[in-house]
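Chemist: Just to be clear, the model below is a prediction. Sequence and coordinates:
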2 protein chains.
Amino acid sequence: MNLEIEQVDMETEAPIVILNRNDAEDLGANPLDRVQISDNGQKIVGIVDITDELVEEGKLGVTDRLSYLEGEVELLLASRPESVKHIKEKLDDEELEKEDLEEIVKDINENRLNDVEMGAYVTGIYTNGLSLQETQHLTEAMTDIGDVIEWEDDILADKHSIGGVAGNRVTPIVVPIVAAAGIKIPKTSSRAITSPAGTADTMEVFADVDFSIEEIKELVEETNGCMVWGGSVNLSPVDDKIIRAEHPLSLDPEGQVIASVLSKKKSAGSTHSVIDIPYGEGSKVDNLSDARDLAKKFKRVGDHIDMEIECTITTGGEPIGRGIGPVMEARDVLQVLEGNGPEDLKLKSLRLVDIIFEMAGVEEEARDILESGEALEKFREIIEAQNGDPDIDTEDLELGEHRETVKAGRDGFVTHISNEMISDIARRAGAPKDLKAGIDLHRKVGAEVEEEEELFTVYAEREDKLEEAIELAEDTEAVRLRGKEASFVERV
Amino acid sequence: MNLEIEQVDMETEAPIVILNRNDAEDLGANPLDRVQISDNGQKIVGIVDITDELVEEGKLGVTDRLSYLEGEVELLLASRPESVKHIKEKLDDEELEKEDLEEIVKDINENRLNDVEMGAYVTGIYTNGLSLQETQHLTEAMTDIGDVIEWEDDILADKHSIGGVAGNRVTPIVVPIVAAAGIKIPKTSSRAITSPAGTADTMEVFADVDFSIEEIKELVEETNGCMVWGGSVNLSPVDDKIIRAEHPLSLDPEGQVIASVLSKKKSAGSTHSVIDIPYGEGSKVDNLSDARDLAKKFKRVGDHIDMEIECTITTGGEPIGRGIGPVMEARDVLQVLEGNGPEDLKLKSLRLVDIIFEMAGVEEEARDILESGEALEKFREIIEAQNGDPDIDTEDLELGEHRETVKAGRDGFVTHISNEMISDIARRAGAPKDLKAGIDLHRKVGAEVEEEEELFTVYAEREDKLEEAIELAEDTEAVRLRGKEASFVERV
């Protein structure tokens, strides 16, 4: 069937093409089917959407992703891609071969799978799991589909946290200490998807984070370290597309987590990496034994792809540090580098660096580099290289002008602080879009509090967002208190 | 957040709303998230799409499904619906409660689940299955969400085939025989999705098929039977939405099949139903033991919802009848009613009717009603009631003017005819859109053929479609021959 291209001003993730219902019936195409578009010998795959009016008969509507098409094209119903067959095999609990996983990664990368198929891929891996061998092959396939940064050095350090813990902003403390010890650490980080701040969002308070691979290499040659946004480079690019499909059901299948993390590391050229696995109520891993199991798998897949991996299992049952939200977390980071700041954030960072030092054969102590001020100096050097103000200090980190403090409704001990609820409240307050919005925690788990004592303050840039956040805070028990004498909570 | 509605001329299955990226970030909304739209006290759920240009800041683009909105609305990020939690539970292999399944069915009906979630629902049920009790609850939930036809009679018959067999057009033979015996049989059928003809497509060759529930009642009061398109009435409406998500991966999870079929029957008011379960190479059920197992489950769920079910297990390894495609199949049907026609189609239809007669306590023989001409007379009566031409005969059923015959490449026996490949060829030829396109099978399994003997003829309304179909036919072995002497196929 020959159709004339018509541009439709729509942005879509997938290469959607819009057919008039009559043409679709002629072609035998149903919504979500794929068609093969032949344009001067080039063959492109489109995913079918059907309309009665938007596109008339004889025309083929194309969205922005295919906007380079013009004139007349030939259309054929395409057969289902091989990768869909392999997804079905995974649903049938079959072991996938290296080539099968490569097909899947390739088709995801080219947006050839529709959302139903993406949902099936993620749930198939979630319900039937990936064997160690499948995980290794998936890691390699995800690495190979994107760019790779080449380094001449023998040791390229990296750290990663599997996430889920609010305020866990150790990267901007770890990177300068490691870099100050003469070890290269080119760190890429993500922006927030469902959290109030990603490391890239927090770093943006200090400096630019958007750099090309060439610029990253220059930054690291100059200062030994960088802290940039991973989204600006094409390292393991299918990861983001998979995350998009994991998001609606909050699925985080283990094998996929390992492949996603390690393919990013491998692409960045890391040779030695420490991975932080927080566990406990409200974090991604339920219990200590699952955390140990995950750590072992990370190490074994690391072996396979020639990367040295150490894991640290940490408690993930409450936020780390005091601040939640880009500017708040930036303040915690700067305070730690200045020798103050939240003790838990400092100790966790030092522990991670010590593991990197041990792996890299560095004789120095992380604490010495921090306490001598070398880390702060290196941090300012990196900020400057990333076009930030190297003289920034905590006074410059202004918080949102609208604020309200949540107080204890009774005497008691803090027994739990929910990462999820604290994050939700901070997001309602405007984080991460509003950099100055967020939460300042005044009490952590274990603290003894009296009625009316301040638990946390919510900051926002806009009054209406503050109100929404406070409304949510009053509705949920983000900070859980236990009475001093009994387990009695309240009479309803 | 308050936004002004802007109409976007796009047809979408789901209630898609399009947000400018800045507003989406302000709201903290990711693609596929849900928002709650408040419009004069009414609360509507939308699924988020994000744009940089199509919709400017401060506006909310709404597609046709929400085109009734206008002016300013208030937008809130909606929490994930409960049903998504239940889908996740199913992925974790938990047993779902009655209320959980009701939530899922309700949200599917209201298009509140995005495609990733629909994919997860279908794959979750596919990988972890549904227990008998879950299947019963799902059947009831699917029935209750739609309309129900109420009848005063004690016996309302019905038949159903779980499908997958090309040319299996028994309904237009079964219905008139049953109706002629004085038993009411209000039959709703589907149109083709991936096949070259659904029963509704074939019936459309003879008469109208688009009727309301009231009209269906009138038709059945008048003639005892009808053969209409199920899509024109709101019986078990979520079925079509689930089929859409099953289609990309060709998933047909057993529990869902049972719930879908029986909810349609129950909604139509059936009390006695015979279900045809074809099995064998290329059909939906692999082997006899799976077919028996499925039959038992149909009967047990039937018991639960107070419907008498008998199942017939049939061979599904090759097409039934000679014709494939709307007009071809109409010709087979009319020939059988006239006392000729393909023997397999006739015998299968008679067997199904005999089971219905046994269930309904009818003393007559199906064959007598067919051979006496009473069935043909009743068929013409029903056609007339459905605004068709009661005097139609096989001469009037013109086939496509472009035709080409595929011949045997060697001497041998026909050992297999692939339902799937025959269907694909017929679809390439234009069926079901082109009513006169399709295939006429000259030989069936078991036939002895000589080289150059005619195997099947492809008919098309358009030359280019005929060529495409023949190209596919030459590329695939739709009719498989085995040599007379040895298992040797060909030397390559």
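Modeler: Perfect, I can see it now.
Chemist: Which residue, other than its chain neighbours, is closest to the residue of the stretch 251-400 of chain A found nearest chain B?
Modeler: Across the stretch 251-400 of chain A, no residue is closer to chain B than residue A:251, which sits at 7.5 Å (CB to the nearest CB). Bear in mind the C-beta positions are built from the backbone N, C-alpha and C, glycine included. Spatial nearest neighbour of residue A:251, chain neighbours left out: residue A:126 (4.9 Å); criterion: CB to CB, 6 or more residues apart in numbering or on different chains.
Chemist: wait, that neighbour sits on residue B:90?
Modeler: No: judged on CB atoms under 8 Å, residue A:126 makes no contact with residue B:90 at a distance of 11.2 Å.
Chemist: Could you tell me which residues of the stretch 301-450 of chain A lie near chain B?
Modeler: Contacts of the stretch 301-450 of chain A with chain B, taken as CB under 8 Å from any CB of the partner chain, map to A:427, A:428, A:430, A:433.
Chemist: My error: substitute the stretch 51-200 of chain A in the last question.
Modeler: Counting by CB under 8 Å from any CB, the residues of the stretch 51-200 of chain A near chain B are A:51-54, A:80, A:84, A:87-88, A:91, A:93, A:114-120, A:122-124, A:126-128, A:193-194.
Chemist: Show me which of those are buried.
Modeler: Among these, those buried by neighbour count (16 or more other CB atoms under 10 Å in any protein chain shown) are A:51, A:54, A:84, A:87-88, A:91, A:114-120, A:122-124, A:126-128.
Chemist: What helix or strand is whichever residue of the stretch 301-450 of chain A sits closest to chain B located in?
Modeler: Chain B sits closest to residue A:433 of the stretch 301-450 of chain A, with a gap of 4.3 Å, by CB to the nearest CB. Under DSSP states H and E, no helix or strand contains residue A:433.
Chemist: so what does the host helix or strand of residue A:106 touch, helix or strand wise?
Modeler: Here residue A:106, judged by DSSP H and E, is contained in helix A:98-109. Judged by 3 or more CB pairs under 8 Å, 6 or more residues apart in numbering or on different chains; DSSP states H and E, helix A:98-109 is in contact with helix A:82-91, helix A:115-128, helix A:132-144, helix A:238-246.
Chemist: any idea of the mean pLDDT in the last one?
Modeler: The reference is to helix A:238-246. For helix A:238-246, mean pLDDT is 91.
Chemist: again, but for the second one
Modeler: pLDDT averaged over helix A:115-128 equals 95, rounded to a whole number.
Chemist: ok now it, how far from the chain's centre?
Modeler: The chain centre lies 19 Å from the centre of helix A:115-128; the measure is CA atoms, centre = their mean, to the nearest Å.
Chemist: That one vs helix B:115-128, what angle?
Modeler: Helix A:115-128 and helix B:115-128 are oriented at 40 degrees to each other (axes from the mean of the first three to the mean of the last three CA atoms, to 10 degrees).
Chemist: so what does helix A:115-128 touch, helix or strand wise?
Modeler: helix A:82-91, helix A:98-109, helix A:238-246, helix A:254-268, helix B:82-91, helix B:115-128.
Chemist: Please identify the most buried of those helices.
Modeler: Across the helices and strands packed on helix A:115-128, the average number of neighbours (mean count of other CB atoms under 10 Å in any protein chain shown) peaks for helix B:115-128, which reaches a mean of 27.
Chemist: Next, the angle from it to helix B:254-267.
Modeler: 110 degrees.
Chemist: In which helix or strand does residue A:19 reside?
Modeler: strand A:16-20.
Chemist: contacts for that strand?
Modeler: A:3, A:8, A:10, A:27, A:29, A:35, A:37, A:46-52, A:54-63, A:65-66 (CB atoms under 8 Å, 6 or more residues apart in numbering or on different chains).
Chemist: Residue of chain A closest to chain B, please.
Modeler: Counting by CB to the nearest CB, chain A gets nearest chain B through residue A:119, at 2.5 Å.
Chemist: Grab the nearest non-local neighbour of that residue.
Modeler: residue B:119 (2.5 Å).
Chemist: again, but for residue A:53
Modeler: Nearest one to residue A:53, counting by CB to CB, 6+ apart, is residue B:9 at 6.9 Å.
Chemist: and the one you found, that one's in a strand?
Modeler: No: Residue B:9 sits outside any strand when classified using DSSP: H, G, I helix; E, B strand; the rest coil, being coil.
Chemist: Enumerate the strands of the stretch 251-400 of chain A by residue range, in sequence order.
Modeler: A:272-279, A:308-315, A:323-324 (DSSP state E, counting those that start in this stretch).
Chemist: ok so, going back, of the contacts of strand A:16-20, which belong to strands?
Modeler: Judged by DSSP state E, these include A:3, A:35, A:37, A:46-51, A:59-62 as members of strands.
Chemist: got those as JSON lines, with pLDDT and distance to residue B:307 columns?
Modeler: Converted to JSON lines, the ones in strands among the contacts of strand A:16-20 look like this (pLDDT from 0 to 100; distance: CB to CB, whole Å):
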{"residue": "A:3", "pLDDT": "94", "distance to residue B:307": "47"}
{"residue": "A:35", "pLDDT": "91", "distance to residue B:307": "42"}
{"residue": "A:37", "pLDDT": "92", "distance to residue B:307": "48"}
{"residue": "A:46", "pLDDT": "89", "distance to residue B:307": "44"}
{"residue": "A:47", "pLDDT": "88", "distance to residue B:307": "39"}
{"residue": "A:48", "pLDDT": "89", "distance to residue B:307": "37"}
{"residue": "A:49", "pLDDT": "87", "distance to residue B:307": "38"}
{"residue": "A:50", "pLDDT": "86", "distance to residue B:307": "35"}
{"residue": "A:51", "pLDDT": "84", "distance to residue B:307": "39"}
{"residue": "A:59", "pLDDT": "94", "distance to residue B:307": "48"}
{"residue": "A:60", "pLDDT": "94", "distance to residue B:307": "46"}
{"residue": "A:61", "pLDDT": "92", "distance to residue B:307": "45"}
{"residue": "A:62", "pLDDT": "91", "distance to residue B:307": "48"}
